[in-house]
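Student: Below: sequence and its predicted model.
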Amino acid sequence: MTEKFAVIDTETNWLDQVMSIGVVVADSKAKKKLDSVYYIIDPEYRVGGMYADELRPDEEGVRVADRKRALKEIRQWLNMHGVEKLFAYNASFDKMHLPEYSGYKWYDIMRLASYRQYNSAIPDCADCYKTGRMKRGYGVESILQMLRKNRGYRETHNAVLDAEDELEIMQLLGHEIGVYDIALLSNRKFG
């Protein structure tokens, strides 16, 4: 049986509350999408936010639910897929906003994508620290532009589409899933 992992992304409203959650399950070998789920959190999404126009609550497959129900259903869905590892870009942000999921192992995709030694697409002219980490320009949009060699890409800031983009970063970096062990977040409490 193939080991699976999930890439998770959240979008927050003007009050810094989670208003949407997107999750993509992939197989650990090929890092190919196997399934996805997208929840809009009600009433939090009604507050609005910087990316509220990207929520798309009326599209097919979008689930609108209160936070407790959404998190319960996502957990059941993750368990059905046998997922124990959650990956996110700037994972400390998502982990902080989803303390209910502190029992999962969280990994930060950015910890590999932003370092020269793990991302061969970082140009020689990029301003980096001695450690190899870029000083700026290592958000999802910039990294995917580098990896795709396509400056026209724009991040949508829709949680499920962003989770798919973050999975693509993992695919394009080409590292075995075990390499991400260096990107494991500690289980310290946030707040």
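Tutor: Sure, I can see it. Residues are numbered from 1 along each chain as shown.

Student: okay, stretch 87-100 in PDB with CA atoms only?
Tutor: As requested, the backbone C-alpha atoms of stretch 87-100 are provided in PDB (Å, rounded to 0.1, in the frame of the first residue of the first chain):
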ATOM      1  CA  PHE A  87       2.700  19.600   4.400                       C
ATOM      2  CA  ALA A  88       2.100  23.300   4.000                       C
ATOM      3  CA  TYR A  89       4.000  26.300   2.600                       C
ATOM      4  CA  ASN A  90       5.000  28.400   5.600                       C
ATOM      5  CA  ALA A  91       3.500  25.600   7.700                       C
ATOM      6  CA  SER A  92       3.800  27.400  11.000                       C
ATOM      7  CA  PHE A  93       1.000  29.800   9.800                       C
ATOM      8  CA  ASP A  94      -1.400  27.000   9.000                       C
ATOM      9  CA  LYS A  95      -0.500  24.900  12.000                       C
ATOM     10  CA  MET A  96      -1.000  28.000  14.300                       C
ATOM     11  CA  HIS A  97      -4.500  28.500  12.800                       C
ATOM     12  CA  LEU A  98      -5.500  24.800  13.000                       C
ATOM     13  CA  PRO A  99      -4.500  23.800  16.600                       C
ATOM     14  CA  GLU A 100      -7.000  21.000  16.400                       C
END
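
Student: Now do it: distance to the chain's middle.
Tutor: Here stretch 87-100 is found 8 Å from its chain centre; the criterion is C-alpha atoms, centre = their mean, to the nearest Å.

Student: how about that stretch: buried residues?
Tutor: 87-91, 93-95, 97-98 (16 or more other C-beta atoms under 10 Å). C-betas here are computed from N, CA, C, even on glycine.

Student: Show me which of those is closest to residue 150.
Tutor: Lowest distance from residue 150 to these (C-beta to C-beta) belongs to residue 89, with 18.0 Å.

Student: give the contact list for the closest one.
Tutor: Contact criterion C-beta atoms under 8 Å, 6 or more residues apart in numbering gives 9, 108-110, 113, 140, 162, 166, 169 as the residues in contact with residue 89.

Student: Which ones among these lie within strands?
Tutor: Taking DSSP state E as the definition of strands, the contacts of residue 89 contribute 9, 108.

Student: Now do the same contact list for residue 171.
Tutor: Counting by C-beta under 8 Å, 6+ apart, residue 171 makes contact with 31-32.

Student: does it sit in a helix, a strand or a coil?
Tutor: For residue 171, the secondary structure call by DSSP: H, G, I helix; E, B strand; the rest coil comes out as helix.

Student: Looking at per-residue confidence, what score does the nearest residue to residue 91 once chain neighbours are set aside get?
Tutor: Nearest residue to residue 91 in three dimensions, chain neighbours excluded: residue 108, at 3.9 Å (C-beta to C-beta, 6 or more residues apart in numbering). pLDDT, residue 108: 98.

Student: That's all I had, so thanks and see you.
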